[in-house]
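> Coordinates for the following, if possible.
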Amino acid sequence: MSEPETVTVPELVGQPVHIAREMAAAVGLGLASGDPDGPGLGSRTWPGVFWVTAQEPSPGSAIERGSQVQIIFVEDGQTRSDVPVATGGPR
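Now for the predicted structure:
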């Protein structure tokens, strides 16, 4: 049996959710947020612009291709000081 292929988690914090989704997909990862049994990420972020404010695992982590990156996001215009920020602070 071969080793699972690993990929490096990209920096998603500060990106619009739709761009973060493309960045994750480009390396073979998906995005997830909130309750796994609740509405999907797409239905929670449409319509409108939403910004990624935190992610797990952190950028640069090596994880198995096909894994999910958990994100926290806010709607454009929402005060970002009210939500958690990834380690290292805002950019």
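> Would you mind giving me the confidence score for the closest residue to E64 other than its chain neighbours?
In this structure, E64 finds its nearest non-sequential neighbour in P4, 4.6 Å apart by C-beta to C-beta, 6 or more residues apart in numbering. To be clear about C-beta, it is placed using only N, CA and C from the backbone, and glycine gets the same treatment. Here the pLDDT value assigned to P4 is 86.
> now swap in V74 and tell me
pLDDT, V74: 88.
> tally of neighbours for it?
The tally of other residues near V74 (other C-beta atoms under 10 Å) stands at 16.
> Surely it touches A54?
No - counting by C-beta atoms under 8 Å, V74 sits too far from A54 to count as a contact (9.9 Å).
> mind checking how far stretch 65-83 is from the chain centre?
Using C-alpha atoms, centre = their mean, to the nearest Å, the mean C-alpha position of stretch 65-83 is found 6 Å from that of the whole chain.
> residues making contact with that stretch?
With contacts defined as C-beta atoms under 8 Å, 6 or more residues apart in numbering, stretch 65-83 is touched by 4-7, 9, 12, 17, 20, 24, 27-33, 41, 45, 48-57, 84, 90.
> So R21, which state does it fall into?
At R21 the chain is in helix, as set by DSSP: H, G, I helix; E, B strand; the rest coil.
> Residues contacting stretch 17-26, please?
For stretch 17-26, contacts defined as C-beta under 8 Å, 6+ apart pick out 10, 12, 15, 30-31, 41, 45, 50-52, 69, 71, 73.
> Separate out the buried members of those residues.
Buried residues within these, counting neighbours by 16 or more other C-beta atoms under 10 Å: P10, L12, Q15, L31, L41, T45, F50, W51, V52, V69, I71, F73.
> can you give me phi and psi for A32?
Backbone geometry at A32, expressed as degrees, to the nearest 10, gives phi -140, psi 150.
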